[in-house]
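Participant: Sequence and predicted structure are below.
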Amino acid sequence: MLRVDRVVTSGTFSLDGGTWDVDNNVWVLGDDDECLVIDAAHDAEPILAAVDGRRVVAILLTHGHDDHLGAIEALATATGAPTALHPADRDLWDMSTPVAPDRDLADGDVVTVGGVEVRVLHTPGHSWGACCFVVPVLGVVFTGDTLFAGGPGATGRSFSDFPTIIESISAQLLTLPSQTVVHTGHGDDTTIGAEAPHLAEWVARGH
């Protein structure tokens, strides 16, 4: 039976000359035999503990910010799993990671783990290559830094745009069933139904 495990790792995020302390959610989705990892933040060891010897089908990146891929080389080496990133975030990836990703992600791609389909949604805005991963059979979506409990991800730095993230959330995420559980890149879970009524507030507030 498929299950979702959350690993919280701590480190820093650096961009545009600034550095901030952050706690990241890393998600491990799979059954008793195989799994996939969503993001590879900061420290490979606790992620490997959650993998617990299972075959890792892939390491999927929600986007290319350094706090989401700091452990990517160590995790890929330890598991032998291919890494996957949307090519629009390759510039961000290259700022912190010398080895190229193994695969490109594209909107509509499907990755299978434990016999269950995980669908890729390209959701630019927080970064140009940001992606979310929806698992319809489980009623969950992994949103990285695109959507949080309380609103959209930040768009005040390079490689980001507020109107674009609003369009991505509106078209790709708020169209999911309202009971869909949102597993975020930082902080607590939410649901599509909890966030959808606040779209107009986010637009009025701007970022």
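Facilitator: Alright, I've got the coordinates. Residues are numbered from 1 along each chain as shown.
Participant: ok, which stretches of this structure are helices?
Facilitator: Assigned by DSSP state H, the helices in the chain fall at 44-51, 66-69, 72-79, 90-96, 162-168, 192-195, 199-205.
Participant: most tightly surrounded among those helices?
Facilitator: Most buried of the helices of the chain, by mean neighbour count (mean count of other Cβ atoms under 10 Å): helix 66-69, with a mean of 26. All C-beta atoms are positioned from the backbone trio N, CA, C, and that covers glycine.
Participant: Output the lowest mean pLDDT helix or strand found in this structure.
Facilitator: In the chain, the helix or strand scored least confidently by mean pLDDT, DSSP states H and E is helix 199-205, which has a mean of 90.
Participant: just checking, what packs against that one?
Facilitator: strand 151-152, helix 162-168 (3 or more Cβ pairs under 8 Å, 6 or more residues apart in numbering; DSSP states H and E).
Participant: partner strands of the shortest one, parallel or antiparallel?
Facilitator: Pairing partners of strand 151-152, with direction, according to DSSP bridges: strand 147-148 (antiparallel).
Participant: Give me the contacts around the strand it pairs with.
Facilitator: 132, 153, 169, 173, 182, 184-187, 190, 195 (Cβ atoms under 8 Å, 6 or more residues apart in numbering).
Participant: can you redo those as JSON lines with pLDDT and distance to residue 202?
Facilitator: JSON lines is the format used below for those (pLDDT from 0 to 100; distance: Cβ to Cβ, whole Å):
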{"residue": "132", "pLDDT": "99", "distance to residue 202": "17"}
{"residue": "153", "pLDDT": "97", "distance to residue 202": "11"}
{"residue": "169", "pLDDT": "98", "distance to residue 202": "8"}
{"residue": "173", "pLDDT": "98", "distance to residue 202": "12"}
{"residue": "182", "pLDDT": "98", "distance to residue 202": "15"}
{"residue": "184", "pLDDT": "98", "distance to residue 202": "15"}
{"residue": "185", "pLDDT": "98", "distance to residue 202": "17"}
{"residue": "186", "pLDDT": "98", "distance to residue 202": "17"}
{"residue": "187", "pLDDT": "98", "distance to residue 202": "16"}
{"residue": "190", "pLDDT": "98", "distance to residue 202": "13"}
{"residue": "195", "pLDDT": "98", "distance to residue 202": "9"}
